[in-house]
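> take this sequence and fold it.
(one chain, ligands or ions: 1)
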Amino acid sequence: MSGQLRDLIKQSPISMIVGHFIPLKRSGSGLVGLCPFHADSKPSMTVNDKLGLFRCWACNTGGDHLEFVKLYRKLDFIESMRECAKILGLPEDELNRERKKNPRLELAFRVLNFANRLYTHVAAQNPMHFQKFVEKRGLSTESITEFQIGYAPGNNQLMLQFDKIPEAQQDEAKQMARELNLVKVSENHGRPYDFYRDRVVFPIHDHSGQVRGFSCRSVLPDQNPKFLNSSDSFVFHKASILFGYFLAKNAIRQSDMAILVEGNMDVVMMHQYGFKNTVGTMGIALSESSQKLLANMTKNIILAMDSDTAGMKAMTSINAAFMAQGVLPRYVSFEPAKDPDEFLRQPGLGRLGLLERIEKAPRFIDVLLEKMLPVPIPETIDRKLQVMKEVFEALSPLKDHLEATERVIATAKALQLRTDDSSLIEQYKQTLKAQEYPKRDVRPAPQATENKADDASESTEIQVIASVAPLAQTETAPMLASEKLLLKTLMTHPECLALPQLHEILAYTSHPEVKELILWLGKIYLEIDEQEYVSILSDEVFSEKFGHEVKNVAAEALELYKLEPLNDKVIARLMQDMKVRMQLEQLKQKRRECTERQKQSQTQEEVVFYMQEITRIDRELQELKKNPV
Ligand SMILES: [Zn+2]
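Numbering: from 1, shown residues only. Model prediction:
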């Protein structure tokens, strides 16, 4: 990604960026201002130009230039770069130049745009089957234009159009069309033909509005399959695209809300009825990047996918991913209508009806918890505690946030459990602890102790929960060698914490203790005097929070501290090497996981998927070894 522009931004004083949006004033050696991310009266936000970082000491929001703009203006990463470039007066066309550097991608875009123009052109002439579809679904002209809904004719028009472009470019264009599955070659006579024929075409745009693929539905009677979609390719990753995002992003920002539905038509109809802050999942999964993208723009997420079993399951996992980021999505059902389209057109429901449902929408987690409560309330303690265990698991992405613990208590009351609140929360925390560390090193969980059920006295209830809930796994997954080295280096040379590469390096760290300690170091390093460093660090590290591995590393580091002064060049080099090392180890770890998963795959599809993943990782490994920058 446009590394040069990013570096230029990072080298500029961060106060220029933060100061562009909120007033800053000098305080001691740094700058402070009112934090815009919580109701601040203090001011609690410090901005440090030397380190290129901002941080609020009250709500703990912090980061670099791009992070500030991303959060403050609710932009995605690329947009934040543009915004920063604009504020700093930097040449933002660096970004565009970067894209042009990949000729294969550029060719793919040209071919996709070429096909898209043909499909919209044909649709504009209103062929019969297109017209029928539009009437039946009540699509407005505006919707057709906005979403560039097109029509793929049945007479190999795309192939014929390719024949018309200058010969010099024809072959590579046709080759690319084949690669993108727009054109197929007949097995019988070896002649190419259009893959999409007699179908309504929904182009799938990426988040910046470039067509990446197509989703096409049948219109002829008995035409199978009903849907034909672009398969994943080097330009198209279905899971990473939110359908309609490029049209919805401004509305999401303005309304401070995003509505998530399922399927293209639902998105189009929602927009048509004025809910322009609607985006759709492609399929039922939402990728981590899409989920983060939305969570960064707004905390008001409405889940409005199909209410059938598959839809509920999808929303449950999407909801958990949002909760892990501290966002509690709400839930809207279109029942009794079968989809938004039917709902919006039905008298008595319609746009106003939906507005009202959104206004009153419950948290999805509460809907889920209610579904977990058996009706009637079970009689046996055993069964009640089993329900509690499920409730703990469902709430666990929220960690021990009040939003979680309050619900633990409320559910226990609803189940008529008489355990006192603090014991309940203690049990819930045990579940959290057991889940805490990634299963990098999967060991069999210790056997649960005997179940002493059916005794209703308060003191034993809680013991039973302990035996039903997975026992806390006291052992943390082992640290990778590179993580140890990173930790040791940073503790010995805390001046490295100021380097901009640190955030990139942290992204390659998955050990929770390492991450936690480094973030903490970064925070205190801004605050304390050098003389206090050793004692403050020792107090923290040798507390119960950290395992013996961290303690060992710290002991070594503190011994070396100040014995090995380094100059800036050496430090920069060191961090660079560290980054490469972390990347290598991380990739190798991923490869091991993929190999493991491939072995356990149930379907051919999965086997192929992991094989491709492994190939991709190998390529990345080779690249990294060849060109470690
Ligand atoms: Zn704050």
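> pretty sure residue 142 is touching residue 276, no?
No: judged on C-beta atoms under 8 Å, residue 142 makes no contact with residue 276 at a distance of 11.1 Å. C-beta here means a position set from N, CA and C on the backbone, and glycine is covered the same way.
> which of these two has more neighbours?
residue 276 (19 against 10; other C-beta atoms under 10 Å).
> who's in contact with the more buried one?
247-248, 251, 270 (C-beta atoms under 8 Å, 6 or more residues apart in numbering).
> confidence score at residue 106?
Note for residue 106: predicted pLDDT of 85.
> element containing it?
helix 103-124 (DSSP states H and E).
> can I get that helix in CSV, CA atoms only?
Provided in CSV are the C-alpha atoms of helix 103-124 (Å, rounded to 0.1, in the frame of the first residue of the first chain):
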residue,chain,number,x,y,z
PRO,A,103,-0.9,-3.7,-15.1
ARG,A,104,-2.7,-7.0,-14.7
LEU,A,105,-5.1,-5.5,-12.3
GLU,A,106,-5.6,-2.5,-14.5
LEU,A,107,-6.4,-4.7,-17.5
ALA,A,108,-8.9,-6.7,-15.3
PHE,A,109,-10.6,-3.4,-14.4
ARG,A,110,-10.8,-2.3,-18.0
VAL,A,111,-12.4,-5.6,-19.0
LEU,A,112,-14.9,-5.5,-16.2
ASN,A,113,-15.8,-2.0,-17.0
PHE,A,114,-16.1,-2.9,-20.6
ALA,A,115,-18.6,-5.7,-19.8
ASN,A,116,-20.5,-3.5,-17.3
ARG,A,117,-20.9,-0.8,-20.0
LEU,A,118,-22.3,-3.4,-22.4
TYR,A,119,-24.8,-4.7,-19.8
THR,A,120,-26.1,-1.3,-18.8
HIS,A,121,-26.3,-0.2,-22.4
VAL,A,122,-28.4,-3.2,-23.3
ALA,A,123,-30.6,-2.7,-20.2
ALA,A,124,-31.2,1.0,-21.3
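> who are the packing partners of the helix or strand following it?
Downstream of helix 103-124, the next assigned helix or strand under DSSP H and E is helix 128-137. With contacts taken as 3 or more C-beta pairs under 8 Å, 6 or more residues apart in numbering; DSSP states H and E, helix 128-137 sits against strand 199-205.
> what strands flank the strand it packs on, and is each parallel or antiparallel?
Here strand 199-205 is paired, per DSSP bridges, with strand 150-152 (antiparallel), strand 211-218 (antiparallel).
> who in the protein is up against the ion?
35, 37-38, 56, 58-59 (C-beta under 5 Å from the ion).
> please produce JSON lines containing those residues, extended by distance to residue 339, secondary structure and neighbour count.
As requested, the residues of the chain next to the ion are arranged in JSON lines below (distance: C-beta to C-beta, whole Å; DSSP: H, G, I helix; E, B strand; the rest coil; neighbours: other C-beta atoms under 10 Å):
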{"residue": "35", "distance to residue 339": "42", "secondary structure": "coil", "neighbour count": "24"}
{"residue": "37", "distance to residue 339": "37", "secondary structure": "coil", "neighbour count": "16"}
{"residue": "38", "distance to residue 339": "38", "secondary structure": "coil", "neighbour count": "14"}
{"residue": "56", "distance to residue 339": "42", "secondary structure": "strand", "neighbour count": "20"}
{"residue": "58", "distance to residue 339": "44", "secondary structure": "coil", "neighbour count": "16"}
{"residue": "59", "distance to residue 339": "39", "secondary structure": "coil", "neighbour count": "14"}
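> out of those, who's nearest residue 503?
Of all the residues of the chain next to the ion, residue 56 has the smallest distance to residue 503: 17.1 Å, by C-beta to C-beta.
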